[in-house]
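S.K.: model this:
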Amino acid sequence: MEQKKAKKLLEKYRRGQLSADELKLLEAWFISLNLHQDEISETDLLTATAKMRENVTHRTGTARVVTNHTVPGSSIFNTGFYRIIKWSAAAIFILSAGWASYLLLQSKPETSNAEVKNQNQLLIKNDIQPAISGAFLTLEDGSIIELGTGSDSLFAAGNTKINKKGDRIEYSRGKGISGEVVYHTLETPRGTFFKTILSDGTAVWLNAASRLKYPATFEGNTRQVFLTGEAYFEVAHNSKKPFIVDANGTLVNVLGTHFNVKSYPEDQKTITTLVEGSVEVKVGKKMHQLEPGTQSSADFAGNYLIKKTGVNMDVVLAWKNGLFNFNDADISMVMQQLGHWYDIDVFYPRGKPDIRFFGEMDRGFGAEIRH
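M.R.: Numbers count the residues shown, from 1 in each chain. The predicted structure is shown next:
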């Protein structure tokens, strides 16, 4: 598109006077900017992009990103709002056709029309599927059962019956009495998620890249489980037998309530968020009582335990509700979630860009590598 015409369309966009066809033309021009950086100044682009981001976000409610400076080189991938694997020079994030796109504004040599066509044909390749329901269950004897969305089944493990129903498993105590504590481990590799109903009726949703170790049946005076990764708990009430989650040294003590625990090794901290009821969070001799809408954060070393109020519950619970939700999230937080969900490795060969993400989108979308 000629510079004069582009500026005219940008000006009409600022005034809200673009027709539907003109908007499509402008959006297509933005997408091609990585091949024609010198057509318009970065100041004009930033101004127009800010307005477009504001207007289209209002129209579609989709994701957006904010950056106000040149970003060190790296590279990107897309997921409906274009997944990021590498970055190039100054990135500007816009929204088009209801979904987000990344513009990589970088210096490039002169490119022929044929080369442009070839590059555009290579923009989208290598479909990457979103996470699916699935897990590996390790029994007390070390045997491993792969769980998925296949046919329902019922099997026994010692004094416990395990009923596989669709995308979850349910435990129930068999006949007889056993004082021995037998542990099972449910693990969701990257690219999978799963739900289980423990023998006491407690429901647990496991996010991707997580592991839960728990007794097949709860014996004794407590119900203790061990978590690495992220899980949402709806604990069955039992005033005589407290439920305890041990997440890398952080102990979450409850009687019956709903809460989320995030404790990934790469974060080296455990974040507990209470949805309803009451929980007591302990790290060594430190302790906090949480109320609904509050959150605690503790490092694995037990050096601190911090309580936070006014928590954005939509962001915390987005994963359980099948969404990505970012509110001023940095690149590390975004890429951790995408890496777990799509089972990809993320590298920053030239350092992490200082960029913030805002918005919400469905986690059911597949991803495509954008070269």
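
S.K.: can you pull out the helices in the chain?
M.R.: Taking DSSP state H, the helices of the chain run over residues 3-14, 20-31, 42-60, 113-121, 313-316, 331-342.

S.K.: just checking, what packs against the shortest one?
M.R.: Which is helix 313-316. strand 269-276, strand 323-330 (3 or more CB pairs under 8 Å, 6 or more residues apart in numbering; DSSP states H and E). In short, each C-beta sits where N, CA and C put it, glycine included.

S.K.: The same query, at a cut-off of 6 Å, please.
M.R.: strand 323-330 (3 or more CB pairs under 6 Å, 6 or more residues apart in numbering; DSSP states H and E).

S.K.: Mind listing residues that contact the strand it packs on?
M.R.: Identification of contacts with strand 323-330 by CB atoms under 6 Å, 6 or more residues apart in numbering yields N312, D314, V315, A318, R356, F357, F358, G359, E360, M361, R363.

S.K.: quick one: strands adjacent to it?
M.R.: strand 356-362 (antiparallel) (DSSP bridges).

S.K.: What average pLDDT does the strand it pairs with get?
M.R.: Mean per-residue pLDDT for strand 356-362: 87.

S.K.: Only C-alpha atoms, please: export that strand in CSV.
M.R.: Extracted C-alpha coordinates of strand 356-362, given in CSV (Å, rounded to 0.1, in the frame of the first residue of the first chain):
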residue,chain,number,x,y,z
ARG,A,356,3.4,-6.8,29.3
PHE,A,357,0.3,-8.9,28.3
PHE,A,358,-3.4,-8.2,28.9
GLY,A,359,-6.5,-10.1,27.8
GLU,A,360,-8.3,-13.3,27.8
MET,A,361,-8.8,-16.1,25.3
ASP,A,362,-10.0,-19.7,25.0
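
S.K.: list the buried ones in it?
M.R.: For strand 356-362, burial by neighbour count (16 or more other CB atoms under 10 Å) applies to R356, F357, F358, G359, E360, M361.

S.K.: And for stretch 315-329?
M.R.: Neighbour-count burial for stretch 315-329 [16+ other CB under 10 Å]: V315, V316, L317, A318, W319, K320, F324, N325, F326, A329.

S.K.: need the residues you listed in a markdown table with pLDDT, can you?
M.R.: Shown next, in a markdown table, are these (pLDDT from 0 to 100):
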| residue | pLDDT |
| --- | --- |
| V315 | 96 |
| V316 | 97 |
| L317 | 97 |
| A318 | 97 |
| W319 | 97 |
| K320 | 97 |
| F324 | 93 |
| N325 | 93 |
| F326 | 91 |
| A329 | 91 |
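
S.K.: Closest to E276 out of the residues you listed?
M.R.: Nearest to E276 out of the buried residues of stretch 315-329 is L317 (CB to CB; 11.7 Å).

S.K.: For G134, give me phi and psi.
M.R.: phi 180, psi 160 (degrees, to the nearest 10).

S.K.: distance of it from A367?
M.R.: 18 Å (CB to CB, to the nearest Å).

S.K.: cool, D314 as well?
M.R.: 23 Å.

S.K.: now K269
M.R.: 28 Å.

S.K.: Name the residue in the two with the higher neighbour count.
M.R.: A367 (22 against 19; other CB atoms under 10 Å).

S.K.: Does that one touch W341 like I think?
M.R.: No - using CB atoms under 6 Å, A367 is not in contact with W341; the gap is 9.0 Å.

S.K.: Poorly predicted segments of the stretch 101-250 of the chain, please.
M.R.: 101-127, 149-151, 158, 174-179 (pLDDT under 70).

S.K.: can you give me the strands for it?
M.R.: Remark: strands assigned in the stretch 101-250 of the chain by DSSP state E, counting those that start in this stretch are 124-128, 132-133, 135-138, 144-147, 153-157, 160-165, 168-173, 183-188, 192-197, 203-206, 210-215, 223-234, 243-247, 250-254.

S.K.: W205: neighbour count?
M.R.: 19.

S.K.: Which residue comes closest to it once chain neighbours are left out?
M.R.: Y232 (4.4 Å; CB to CB, 6 or more residues apart in numbering).

S.K.: And for E146?
M.R.: E146 sits nearest to F136 (CB to CB, 6+ apart), 5.8 Å away.

S.K.: how much space between the closest residue to M335 other than its chain neighbours and I169?
M.R.: Distance criterion CB to CB, 6+ apart; nearest residue to M335, sequence neighbours excluded, is V346 at 4.5 Å. Going from V346 to I169 by CB to CB gives 31 Å.

S.K.: Give me the more crowded residue out of those two.
M.R.: With neighbours defined as other CB under 10 Å, V346 and I169 compare such that I169 has more, 22 against 18.

S.K.: Just to check, the more buried one is in contact with F194?
M.R.: No - in this structure, I169 is not within contact of F194 by CB under 6 Å, at 7.9 Å.

S.K.: Could you report the neighbour count for G220?
M.R.: Around G220 there are 10 other residues, counting by other CB under 10 Å.

S.K.: residue contacts, it?
M.R.: G220 neighbours (CB under 6 Å, 6+ apart): none.

S.K.: for stretch 155-164, how far is the first residue from the last?
M.R.: Stretch 155-164 has an end-to-end distance of 8 Å (CA to CA, to the nearest Å).
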